[in-house]
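Engineer: using only what follows, build the 3D model:
(3 chains)
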Amino acid sequence: MTRQPKDLNGTLMMSRRGILLGGATLFAGSIAASLCPTLALAAVDAGTQGQFMKLSNLLIQHQLNPAVGARIVDMASGEYKNLAQMLDAIIAIAEKKNAAQVEDFFADIPDGELKDFAHWVISAWYSGCSSEKRNAAVFTYEEALTFRTTSDVVTIPSYGLSGPNLWTRPNVPLSAPMPRF
Amino acid sequence: MVTKNSADVVIVGTGVVGVVIAEQLLDAGHSVLMIEAGPRVTRAEVVENWRNAPLGVKGDTSVAYPSRPWAPHPMGNEKPEDAYLQLSGPDSYAQTFIRYAGGSTWHWAGTSWRLTPEDMRLKSLYGVGRDWAIDYDTLESYYVRTENKLGICGPSDRGLQWPQTGARSAPYPMPALPFSPGETRFTEIAKSLGYNNIPVAQARNSGMPYDGRPACCGNNNCVPVCPVAAKYDAETALHRLEKKGATLLVDSVVYKVETNAQNKIEAVSYYDQHKESHRITGKLFVLACNGLENPKLLLMSKDDRNPNGVANSSDQVGRNMMDHPQLTLTVTTKEPFWSGVGPVVNSGIMETSQGSFRSEHAGAYFRYNNFARNRFVTFAALKKGLVGKALDEEIRRMTACTADVVAAHEVLPDPNNRLTLSDKTDWLGLPKPHIHYDVGEYTRRSAEVYSLPIGKRIAEAMGATDVKISPKFNQSKHIMGGTIMGNEASNSVVDVDCRSHDHENLFIPGGGAMASTACGNSTITMVALAIKSADAIVEQMRGA
Amino acid sequence: MNMKMIKSFAFAAPLVFAALVPAMASAQEFSKELVEKGRYLATASDCVACHTNHADGKPMAGGLPMSSPVGTIMSTNITPSKEFGIGNYTQAQFSDAVRKGVRGDGSNLYPAMPYVSYSVMTDEDIHALYAYFMQGVDPVDEKAPETKLPFPMNIRASIMGWNLLFRPNEVHVDDPSQSAEWNRGKYLAEGAGHCSTCHTPRGAFMQEQKSLNLTGGQVGAWYAPDITNDKVHGIGSWSQQDFVTYLKTGKLENKAQAAGSMAEAISYSFQHLTDGDLNAIVTYVRSVPSANASPASGATRFDNGKAGNDMAAFRGKEYAESLAGNHAGAQIFTANCASCHGYNAQGTRDGYYPSLFHNAATAGDNSINVISAILNGVDRHTDAGHVFMPPFGDQTNAVVQLNNVEVASLSNYLLAQYGNEKLKVTPEDVQVIREGGPKSNIVQLARIGMGAGAAVVVFLLAGLIWYRARRKTLPVPSV
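Structural biologist: Residues are numbered from 1 along each chain as shown, chains lettered A, B, ... in the order given. Predicted coordinates for the structure are as follows:
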């Protein structure tokens, strides 16, 4: 044998061995992350999902992908026992202020659990992960909002920027407008 | 005739050194069997492994390359006591490399600085280190062949080429890649201080396809993997080698090099992933498993005729372990630089690696890292507690207005910087490598009186409002010296063709043979030495 | 190859130029202008595309393997080498080869050579072409590999019967009711440009079905689409300038890009033609009506699909698990295609790497070009540079070697998400394209003894599907 057998008409190419080993050797966090959504999908009802997206849209005035939101709320439902109440509480604070944007109400969220959760939600959307740590759950890479803030200049690493050698561009000043996203 | 048990030439390792030699031997009509400790994976899988990793650990290349139990390699999540590399000494030799088919060029940046003539004569010119047993002019034609084989792009303007002191007999096969805004600005700033920041010669397809691989489209992901194979890595050659007739065994860990009564190499033995042993015979053997695994394997293979280990009558196997110790200056600037447009390393100041000061201290090469900065700054911005527009603006500002300037130093060969076999064993029961390492006064002094002062001046000229300097030397993953080259069998391991002094049919090409590090990345020199070896092997096989 | 002249055949063909041309080519001295005119016509005829082995061969020296439903045919050496090329051809012999498909030795060429199209070329242009091939091409004294087809394909004589039926033998005559530009365009498009060779479907005898002129046909591993003025299925939605841009660059942003044989036609031929001639060709082709009685309505094959991704289904999970799961197609797309085409398949902002929606490759009336682009990549040389998408078949330079199940899975994702969602691809479909397009069982039928009539059909099939269906086929299984 010179390589893993390649059956052109075979099943999707990933040997059973590869699957097992990949699972065994990658850090445990990603395994947890990979199991989490399927379990959580059942756990998070449509109402909670809707509330989560509502809150997310109050905290972040950008286009948010509901499919990514579903991944985040799946994780949140496992991490925060009183998720539904927290969502309701923060939304209520925003509504009380007739908030059109996060700046209108964020200061009114009391420090502690609620504010920490609000920051976590923002962090999840911007970083695409549950934390900075090695064992963080990953909700998205490509749609992490951090890349949107710089999309007029830099690429999302691993994705091409332009045609070959056509990426020369001026040094965009900080005064340039923020990309719309 | 090649079988699963025998071939004309048996090559241990499928990295760039083994692959380049294999192809030349196949083209010359010899049968080749290659043995790889690790798995063979697709580029698709590696790319997605990396994308699936959390943002906070994307700087750790190992997330894209989980090691297999039988072929451990350094992983970012290891505890020191469980680590594959057992380390001691004042400095850390915590290199990363990959035991995968295709080897560590999977995650190299592609940077291809040639050595200078002076880099190869440190003892004669500066009274330090060792002179090479060959000179630059000897190496030059092999550099040209390397540049064409790997597809190395570079400037056609002689004034922008490296080295300035050595001749260049042929142009680069492709033009230099364009600079990012940050690199352009950095170049202007360096110029204002009297330094030339020149385009990196790099194994990346510039503006055109080359060797059947596509052109670079600025994915900014050379490290840890080029997702489109615009960068040369040895994986891109494996299928071609197979079509040329090579046999490739993967998940097969060579643990013993066997000598015969004439003290020639008779066979190598490997464990498969089920811990079963197999024996491979051949006429000639090439060890190409990198500068750390090669000495480990030689030491593991000691026998009655070779009590210090195979190829080790000089006692130099595993000694003189070298790297390019690097210090990073993370600079925050007032005005934007914008890294992350184009390849991750695209320029460098090389002239600071040269000079009469080398009798006193090491030189250094400065590079402006061109990684997109989002992943380095996002969590820091989030931790500031900002929301809304302020958060967007802070992430954007920190991405644009931070930069890493890296000073990569040379080190001298020191026999006390030594790889030995640890008492600790790996999954197969094989000893883990233990490395004792001290970068040495020569390099430390450079940081004190030379490189950091220059770095700080550069940072100041960049308009730095804040500069963070790495507290200790980091590793460049350029493993050199452990099977050092020389004319004297008494104090070196291999001859000028990377042939073992002790065993006429054993070649140990690659970084281990390098007698000096200089400051530039080692791969191009490793491959030049490999091609020189391949010429010698073809010649030797003709006589066989 | 035996280049010996057989007199009876030479006389059987009318010697149009007998009065003008001395018996032996070697005596010729042609003017520089005439040679240059011939060079231009040879470019317009795209001779070099087939008569050169682009891997390592010399121009016009032949040796390009072309796959066909009945075997591999090798292109011939058409340099003026006296021993190995056409250096001994008289102009009459040359004319017969180009316009009648009759070789210098009197035997018939396989219709892989598009002499059916070239037959409309004027005597004057044939004269210029002859001048160019005798004087403007460097002789290459190398024998091109011979074509070896299985019995009964190796009997060239039976092509004569087909020629009697389907070779027009009519030189172009201007239509006085049309403009000079239109007539020039028709002459080039139907003659040198031989558009219909690929873009017109074949009938029962493998002849071009003139009633379905330019409505699309399979060409080896690729599909040459409908280029009539039908707004939905054809290119009726393109402006004159769109079409000219496409012929010059092989690309029309957010619409289409040339791959396979069309990429070669752009690389070697169209981009080198004058603006006047390109406009003439476009003017004519834009006048070719759809075969449909009434024009179709609805979305064109250039504006289907939209940006989007399916990554929330697998990001952060194990690659192996995603590859085995319900979103395998999306995972394969992200891992292999998105690095250049974007994770929403939106292409790069500068348009260099095309979006995969609003793209004829994914939104066509069949899935052939989706599969073929994945397996074979794209390779096109234009003034703007060398456009290259690596292949994902079994080639040595495939970035990743995708198997049939993976290609089918990926194709279905691309079609559903970005293109013609009505289409479905099976692994068997992929295998057919991997092998260079549909194979014919006609060899078997002929051998069984269907008689002379069947043998004729055999040859038609052989030649006509051969054309341009070359190389990049029959992948060597990995070992």
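Engineer: using the three-state scheme, assign the closest residue to chain C within the stretch 351-500 of chain B.
Structural biologist: As assessed by CB to the nearest CB, chain C sits closest to residue B:372 within the stretch 351-500 of chain B, at 14.7 Å. (Each C-beta comes from the backbone N, C-alpha and C, glycine too.) Assigned with DSSP: H, G, I helix; E, B strand; the rest coil, residue B:372 falls in the coil class.
Engineer: residue C:372 and residue C:435 touch, don't they?
Structural biologist: No - look at residue C:372 against residue C:435 with CB atoms under 8 Å: they stay out of range, at 11.5 Å.
Engineer: ok, these two, which is more surrounded?
Structural biologist: Comparing residue C:372 with residue C:435 by other CB atoms under 10 Å in any protein chain shown, the one with more neighbours is residue C:372, at 27 against 16.
Engineer: that one: what's it in contact with?
Structural biologist: Residue C:372 makes contacts with C:221-223, C:259-260, C:433, as judged by CB atoms under 8 Å, 6 or more residues apart in numbering or on different chains.
Engineer: mind redoing it with 7 Å?
Structural biologist: For residue C:372, the contact set (CB atoms under 7 Å, 6 or more residues apart in numbering or on different chains) comprises C:221-222, C:260, C:433.
Engineer: give the contact list for the residue nearest the centre of chain A.
Structural biologist: Central residue of chain A (CA atoms, centre = their mean): residue A:128, 3.2 Å from the mean position. Neighbour list for residue A:128: A:138-141, A:143-144, B:55 [criterion: CB under 7 Å, 6+ apart].
Engineer: which one of the contacts of residue C:372 is nearest to chain B?
Structural biologist: Closest to chain B out of those is residue C:260 (16.9 Å), distances taken as CB to the nearest CB.
Engineer: thinking again about what came up before, can you narrow the contacts of residue A:128 to ones near chain C?
Structural biologist: Applying CB under 7 Å from any CB of the partner chain to the contacts of residue A:128, one finds that A:138-141 fall near chain C.
Engineer: which two in the residues you listed are spaced the farthest apart?
Structural biologist: Greatest spatial distance in those: A:139 and A:141, 8.8 Å, computed using CB to CB.
Engineer: near chain B, anything from stretch A:150-158?
Structural biologist: Yes - residues of stretch A:150-158 are located near chain B by CB under 7 Å from any CB, namely A:150, A:153-155, A:157-158.
Engineer: which bits of the stretch 301-450 of chain C sit near chain A?
Structural biologist: Counting by CB under 7 Å from any CB, the stretch 301-450 of chain C comes close to chain A at C:311-312, C:315-318, C:320-321, C:323-324, C:328, C:338-340, C:342-343, C:348-350, C:352-353, C:385, C:401, C:403-406, C:427, C:431.
Engineer: residues contacting the lengthiest helix in chain B, please?
Structural biologist: Determined from DSSP state H, the single longest helix within chain B is helix B:523-543. Applying CB under 7 Å, 6+ apart, the external contacts of helix B:523-543 come out as B:8-9, B:16-17, B:20-21, B:24-25, B:28, B:30, B:105, B:108, B:112-115, B:139, B:142-143, B:145-146, B:150, B:284, B:497-499, B:507, B:509-511, B:513-514.
Engineer: make it 6 Å
Structural biologist: Under the criterion CB atoms under 6 Å, 6 or more residues apart in numbering or on different chains, residues B:16-17, B:20-21, B:24, B:28, B:30, B:112, B:115, B:139, B:142-143, B:145-146, B:497-498, B:507, B:509-511, B:513 lie in contact with helix B:523-543.
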